[in-house]
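In: What follows is a predicted structure for the sequence shown.
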Amino acid sequence: MNILLVDWNAMGNEYLIKNLRMLGHEVTTIPFDDVSMAENEIEKNISNACQHKDIDAIFSFNYFPSVSNCCLKLGIKYISWVYDSPYINIYSYTVINPCNYIFIFDYGVYDELVSNGIKTVYYQPLAADMSRFANFESDREAAAKYSSDISFVGSLYNEDKHNLYQKFDKVNQFSKGYLDALIEMQVNIYGESIIEKAITQEVFEEMSKAYPVNPDSPYVMTPKQIYTEYVLLRKTTSVERNRIFENLSKYNAVETKKDIRIYTHENKIALPNIKVCGPVDYYDEMPHVFKNSKINLNISLRSIRTGIPLRVLDIMATGGFVITNYQAEIPEYFRPDEDIVIYSDIDDLIHKVDYYLEHEEERQIIAENGKRKVSEEFDMLKVLPKIISRAFQ
């Protein structure tokens, strides 16, 4: 099968191309940037690529309305595998284009769309490149460089570009207090988002004045959904992640010193007893972090409703041990305390960190079990045929 891959700066693109080719497909890539490229330029590039090859389908990580419209005109199937949540493009009016085969990792989002009559979406958890990680080991230099007791890869969302919540600083005192309280409640609740339903009309009107959103947007996402998914739940994630590391910092001050590291783009984080490192490359460095950390933390973005984040699968694929917050789909696929460890709150996390640092054999068995489960059920080489066969059934 001839596949045209929309090549943007997506995590895992290299793995996707490699596995498609291992399955016998011919893959042609086309550069893509939906921010800097106009839709007519995108259409021209795709049309030219299709003229030179008999393309059977266009494939991308995440979904792009401009690509879908082009596929509709050309009569070509568009397969997209969405790994972000929230992801506003799946609320585009173009989602109903019959050329679309949109695979969504977050069942909560998938269920919402299907419940509203959308017939072009399918549920599919994410996958890892086990062709690379089945026998993955770090050499001596990488093991020494990335070895740690506890590590976390990701943002604490302290930077201004992530903190849209500050746009609500100008709402009235009651509304600001109400929103602060909602976020504080959500920090302590896993498995269910309470925020959107709890926003009153009075508070919503204040939010709309402080941060108006375009009512003529090409998306069916409501303003209240936008505020919830992109502002309030991101702030909730920020509060939770910062609070966890503040507690780990205190823990490390009174316990035997542990090597705790955060790998992040942020450079203004003041956390005593924690090493704030720079970002790591997804392909060349991150797997070594996962492999050589005794404990890898996953603290999911709160807008992921039920799904298993790619970070969890990537950690387990390398043979890394992971402690994660609760996500509804995790215990559907993995056995808690046998394949993976789930914390229920910050105190529970600290307790489990302390326990598993002291119980190396248990930790290693859980990591081995988790890697085996990922290999069995989340191997990209096994998942991709299911996606392609669904589009061509």
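Out: Now that the structure is in, tell me what you want to look at.
In: Which parts of the stretch 1-150 of the chain are helices?
Out: With helices called from DSSP state H, counting those that start in this stretch, the stretch 1-150 of the chain shows them at 13-22, 39-52, 65-74, 107-115, 130-133, 140-146.
In: helices or strands next to the second one in the packing?
Out: Think helix 39-52. strand 2-7, strand 26-31, helix 65-74 (3 or more C-beta pairs under 8 Å, 6 or more residues apart in numbering; DSSP states H and E). Where C-beta positions appear, they are placed from N, C-alpha and C, glycine not excepted.
In: Which of the helices of the stretch 1-150 of the chain has the lowest mean pLDDT?
Out: When the helices of the stretch 1-150 of the chain are ranked by mean pLDDT, helix 39-52 comes last with a mean of 85.
In: show me what contacts the residue nearest to M221 when sequence neighbours are not counted?
Out: Nearest non-adjacent residue to M221, counting by C-beta to C-beta, 6 or more residues apart in numbering: Y91, 4.0 Å away. Residues near Y91 by C-beta atoms under 8 Å, 6 or more residues apart in numbering: 219-221, 225.
In: Just the buried residues of those residues.
Out: 219, 221, 225 (16 or more other C-beta atoms under 10 Å).
In: Check the gap between the second one and K209 for me.
Out: Meaning M221. Remark: distance between M221 and K209 (C-beta to C-beta, to the nearest Å) = 19 Å.
In: Also the last one?
Out: Between Q225 and K209 the distance, using C-beta to C-beta, works out to 18 Å.
In: got it, and L232?
Out: Distance from L232 to K209, by C-beta to C-beta: 16 Å.
In: In terms of neighbours, single out the busier of the two.
Out: More crowded of L232 and K209, by other C-beta atoms under 10 Å: L232, with 27 against 13.
In: May I have the secondary structure class of that one?
Out: Put simply, L232 is helix when judged by DSSP: H, G, I helix; E, B strand; the rest coil.
In: hang on, isn't it packed against L182?
Out: Yes - using C-beta atoms under 8 Å, L232 is in contact with L182, at 6.9 Å.
In: what do the two both touch?
Out: Joint contacts of L232 and L182 (C-beta under 8 Å, 6+ apart) are I195.
In: pLDDT score for A253?
Out: Per-residue pLDDT puts A253 at 83.
In: tell me the contacts of the nearest residue to R132 once chain neighbours are set aside?
Out: Spatial nearest neighbour of R132, chain neighbours left out: Y15 (7.2 Å); criterion: C-beta to C-beta, 6+ apart. Contact analysis of Y15 by C-beta under 8 Å, 6+ apart lists 128-129, 132, 380.
In: Give me the contacts around the helix or strand bottoming out on mean pLDDT in the chain.
Out: For the chain, using mean pLDDT, DSSP states H and E, the weakest element among its helices and strands is helix 39-52, scoring a mean of 85. For helix 39-52, contacts defined as C-beta under 8 Å, 6+ apart pick out 4, 28, 30-32, 34, 37, 55, 58, 66-67, 69-71, 73-74, 76.
In: can you check stretch 246-256 too?
Out: 150, 258, 260, 271-274, 346, 349-350, 353-354.
In: related to what we said a few turns ago, out of the helices and strands packed on helix 39-52, which comes closest to I387?
Out: Closest of the helices and strands packed on helix 39-52 to I387 is strand 2-7, at 11.2 Å (criterion: C-beta to C-beta).
In: got the angle for the closest one vs helix 65-74?
Out: Between strand 2-7 and helix 65-74, the angle comes out at 160 degrees (axes from the mean of the first three to the mean of the last three C-alpha atoms, to 10 degrees).
In: Name every strand pairing with strand 2-7 and say which way it goes.
Out: strand 26-31 (parallel), strand 57-61 (parallel) (DSSP bridges).
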